[in-house]
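In: predicted model and sequence follow; I will ask about them next.
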Amino acid sequence: MGNRPQDLYYEILHVAKDASPQGVRAAYKSLARQWHPDKHPPASRPEAEARFKAITEAYEALLDQQENRAASAAPARDGGRCRPAEKDRGGGAAVARAQTEKTVAAGSAPCTPAREPAKKVYSSCSNVAGGGRRAFAEFSSYVVRKAPPLERKVECTLEELCSGCKKEVRYTRDVVAKNGLITKKEVTQTIRVKPGWRKGATVTLEGMGDERPGCLAGDAVFVVSEKRHKRFKRLGDDLVLRAQVPLVSALTGWSLSFRLLGGEKLRCSFRDEVICPGYVKVVKGRGMPVAGGEKGARGDLRVKLDVVFPENLTDEQRQGLAEILRGCA
């Protein structure tokens, strides 16, 4: 079978290490149907052949291992002594193999080399015992080698990041033609941006990136970027709004009206408070949606007020202000 780490066999068949023979067989059937070369077009057939060979070898290796364990755990006895001759003839393994042949003969698996002598086996999976290393080499060349990901930026406004949206993106990818040459192809894809996503969030489309001869197609990775907003600035899940307040309004009362990212109108009033330089009013739950958080969870809106002082005052104004403010602490 070729000396290979058992962990790789389990990984290829996508089964746990304590999987039963039935579980191993079921996994093999599913993968064999998926990767049988006859079901793939010429462009992807080499990859399918390599995967099919590796799947078959992994199945053979794990089933043989389980049969040997079963034979060792329950040896046939004759007067309290084991019968080595029976073991040499592969007694336990033979029974298991016979059962497997019945299952395969019923048409449950596309191809099980060395366990289905009566059926013609696809040429790519013949002589698996002798070609195991070759199968794994080919399998590794397709699985391990993958074209580098193709990255593109997707610009989103704060409004789009707040409510979520679908973005149609166009990009150019390399594709391998039938003659083996690399050509350029323009592709249009639609990606979904979820509410609350931040700058740097990614959307990955597997196999939709560049192609390279002898490699799996790379992924197309779209990285979210945030457009600058004319009014709001984002800090995590919070939104920051800066506004300038005349000194007289800061001392005597003031109100501010504006629209949120979702279009709702909000009014902030400052009637019973004096606005100091650097004053921040926090409006709970009016910020950005919290991506991945509880339904309806949102950050806060922080209204930062900058007090605008007059550049010049007349002597009369200074005197008047001094009289008014003299009693203020």
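Out: Yep, that arrived. Predicted model, so just to flag it, every value in this text is computed and none were measured.
In: where do the domain boundaries of the protein fall?
Out: Annotated domains of the chain cover 6-143, 150-226, 232-325 [automatic domain parsing].
In: what ranges do the strands span in this structure?
Out: Per DSSP state E, the chain carries strands over the ranges 77-78, 81-82, 150-156, 165-176, 182-193, 202-205, 220-226, 232-235, 238-246, 254-259, 265-270, 279-283, 301-308.
In: export those to TSV and tack on mean neighbour count, distance to H14 and mean pLDDT?
Out: All C-beta spots, glycine's among them, are computed from the backbone N, C-alpha and C. Supplementary listing: the strands of the chain in TSV, determined by neighbours: other CB atoms under 10 Å; distance: least, CB to CB, whole Å; pLDDT from 0 to 100:
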stretch	mean neighbour count	distance to H14	mean pLDDT
strand 77-78	10	38	49
strand 81-82	10	36	48
strand 150-156	15	27	94
strand 165-176	14	28	93
strand 182-193	12	28	94
strand 202-205	16	21	94
strand 220-226	18	25	95
strand 232-235	16	41	94
strand 238-246	16	43	93
strand 254-259	13	52	89
strand 265-270	13	52	89
strand 279-283	14	50	91
strand 301-308	18	48	93
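In: right, and these - which one's nearest P41?
Out: Nearest to P41 among the strands of the chain is strand 165-176 (12.9 Å), distances taken as CB to CB.
In: which neighbouring elements make contact with the closest one?
Out: strand 150-156, strand 182-193, strand 220-226 (3 or more CB pairs under 8 Å, 6 or more residues apart in numbering; DSSP states H and E).
In: and those as TSV, adding distance to S257?
Out: Output for the helices and strands packed on strand 165-176, formatted as TSV (distance: least, CB to CB, whole Å):
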stretch	distance to S257
strand 150-156	26
strand 182-193	29
strand 220-226	25
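In: burial of the residue lying closest to E226 once chain neighbours are set aside, as a residue count?
Out: Excluding the flanking residues, the one nearest E226 by CB to CB, 6 or more residues apart in numbering is K199, at 4.4 Å. Neighbourhood size, K199 [other CB atoms under 10 Å]: 12.
In: what's the spacing between K199 and G285?
Out: 22 Å (CB to CB, to the nearest Å).
In: likewise for R231?
Out: 19 Å.
In: between the two, who's got more neighbours?
Out: Neighbour count, other CB under 10 Å: between R231 and G285, R231 has more, with 14 against 10.
In: okay but the more buried one is in contact with A243, surely?
Out: No - counting by CB atoms under 8 Å, R231 stays clear of A243, with 9.4 Å between them.
In: just the helices in the protein please.
Out: For the chain, the helices defined by DSSP state H occupy 6-13, 21-35, 45-73, 84-88, 91-105, 128-143, 158-163, 247-252, 315-325.
In: low-scoring stretches of this structure, by residue?
Out: Regions of the chain meeting the criterion pLDDT under 70 cover residues 1-5, 43, 73-144, 329.
In: grab the most central residue of it for me.
Out: By CA atoms, centre = their mean, the mean C-alpha position of the chain lies nearest to T204, the distance being 6.3 Å.
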